[in-house]
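> need a 3D model of the sequence below.
(one chain, ligands or ions: 1)
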Amino acid sequence: MSESKSEALREFVEAAKTLVNPALSDYKKKGGKVIGMMYHFIPEEIVTAAGMMPYRMRATGSEGTELSEGYFTQVNCSLVRHFFDSGMRGRLSFLDGVVSVNNCDHIRRLYDNWQWKVKTPYMHFMVFPKKTGKEQVEAYREQLEGFRSSLEKSFGVKITEEKLREAIRLHNETRRLQRELYELRKADAPPLTGTQTLAALVAGTCIPRDRYNALLKQLLQDCRAEKGGNGWKARIVVMGGEIDEPKFVEIIENQGGLVVGDALGYGSRAIVNDVDETGDPLAALARYQLVDRPADPRIFGTTFDRNDYVVQQVRDYKADGVVSVRLIACDLYGFEQVNLSKHLKKNGIPHLGLEIEYVIDAVGQMKTRVQAFLESIAEAKHDNRN
Ligand code: SF4
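Numbering: from 1, shown residues only. Below you'll find the model as predicted:
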């Protein structure tokens, strides 16, 4: 769908291109507080229940990593170097706080350096377990309890059980609406491209929640009146970690591959399940992050589930192949790509593995590889028809 046909879509696309969008600026001008989520596994609902806005940290628009080079080694992924550079340049100075977990050693180092040099007024760190047993869920619940107390003490707020339940309902509503958007992608000619869909999901991490949900409802209505284009060479599922750059998907789509589904941290993995709205809310949030949502490579013993999840996306979205992506120097997704590649081969699903930098450069080489991959799928489809 052309952006000119939907104001909501236009706002999402613009929000994903910048760190500070107009709705966020307004929120700040009115005295709203914003807490940066340094990576995933952090329940945004606790921040919402505190009357503040959770903001998933990005470094969109970063032009270099010069200010990071003295603090990170070359074996640190470029995501953390761009994040830190942006922090040092004050590009994320609108944040009133930052919270992080030990997702990987790169993020751990980013948090330490951020605390030391960027000095966002409020900083909090949580230990995220690697396993998914009852003991680990309880341990993470304790970490969340600590986060709740720390926010209450630092910002003079009270995070009651009722406020937590309300926040869970609000965030579940977002997930439900986003799933409706994903359902539309199953059509033969989906109204939105994969690039637009990723922008809509990234926008959900940086626009105040009430406004975002209202815009999402508007977008769904706009989509219902629309038919998408045909003539794509192949339907593609993308797999990767914290890919927050719609341009990555755009490169695939510009070569003729329509991205219809994903297993991305900003994508389906964040929306397929709801947080349980009954019982102890902190326990529900801990269980959601560790057990209920589709696993991340960080979680021990889930390789088969993760691989099956990608195959399921291919089936559900009638895709012809998978493009997986890892940031250079990311060991978690390096192993993931190797395992996934073998699994897809066993299932007869074509796969292309790409390595990119956080700020996408070397576009030419990537285009060539994607083009060759799409051609091979198109040829195989043609041969099968004859
Ligand atoms: S891209 Fe990989 S190495 Fe970098 S922060 Fe994410 S998980 Fe860690």
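> switch to C-alpha atoms for all contacts and neighbour counts from now on
Will do.
> from the ligand, how far off is the most centrally placed residue in the chain?
Per C-alpha atoms, centre = their mean, the C-alpha nearest to the average position across the chain is that of residue 266, at 1.6 Å. As judged by C-alpha to the nearest ligand atom, to the nearest Å, residue 266 and the ligand stand 12 Å apart.
> let me see the contact set for the residue in the stretch 201-350 of the chain positioned nearest to the ligand.
Closest residue of the stretch 201-350 of the chain to the ligand, C-alpha to the nearest ligand atom: residue 330 (3.8 Å). For residue 330, the contact set (C-alpha atoms under 8 Å, 6 or more residues apart in numbering) comprises 76-77.
> could you report the pLDDT at it?
Looking at residue 330, its pLDDT reads 96.
> just residue 362 next, same as before
You'll see residue 362 listed with a pLDDT of 75.
> now the strands for this protein?
All strands of the chain, identified by DSSP state E, fall at 34-38, 53-56, 97-101, 122-126, 234-239, 257-263, 321-327, 351-356.
> tell me the angle of the third one relative to strand 122-126?
The one in question is strand 97-101. Here the directions of strand 97-101 and strand 122-126 differ by 10 degrees (axes from the mean of the first three to the mean of the last three C-alpha atoms, to 10 degrees).
> which neighbours does strand 97-101 have in its sheet, and in what orientation?
Based on DSSP bridges, the pairing partners of strand 97-101 within the sheet are strand 34-38 (parallel), strand 122-126 (parallel).
> now swap in the shortest one and tell me
When sheet partners are counted by DSSP bridges, strand 53-56 sits next to strand 34-38 (parallel).
> list the contacts of the partner strand.
Outside strand 34-38, the residues touching it (C-alpha under 8 Å, 6+ apart) are 28, 44, 47, 52-57, 94-101, 107, 111.
> rewinding a little: from the strands of the chain, which stretch is densest packed?
strand 257-263 (a mean of 28; mean count of other C-alpha atoms under 10 Å).
> can I get the strands of the chain in TSV with mean pLDDT?
Formatted as TSV, these follow (pLDDT from 0 to 100):
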stretch	mean pLDDT
strand 34-38	98
strand 53-56	98
strand 97-101	98
strand 122-126	98
strand 234-239	98
strand 257-263	98
strand 321-327	97
strand 351-356	96
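> show me which residues of the chain sit near the ligand.
Residues of the chain that fall close to the ligand, judged by C-alpha under 6 Å from any ligand atom: 77, 79-80, 104, 106-107, 327, 330, 332.
> of those residues, select the buried ones using a ChimeraX command.
Selection of buried members from the residues of the chain next to the ligand for ChimeraX, criterion 16 or more other C-alpha atoms under 10 Å:
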select :77,79,80,106,107,327,330,332
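> find the pair from the residues of the chain next to the ligand with maximum spatial separation.
80 and 332 (14.4 Å; C-alpha to C-alpha).
> coming back round to it: so what's the residue nearest to the centre of the chain up against?
198, 201-202, 241-244.
> and for residue 240?
Per C-alpha under 8 Å, 6+ apart, neighbours of residue 240: 263-265, 324-326, 333.
> can you do 10 Å?
Residue 240 sits next to 262-267, 296-297, 323-327, 333, 336-337, 353-354 when contact means C-alpha atoms under 10 Å, 6 or more residues apart in numbering.
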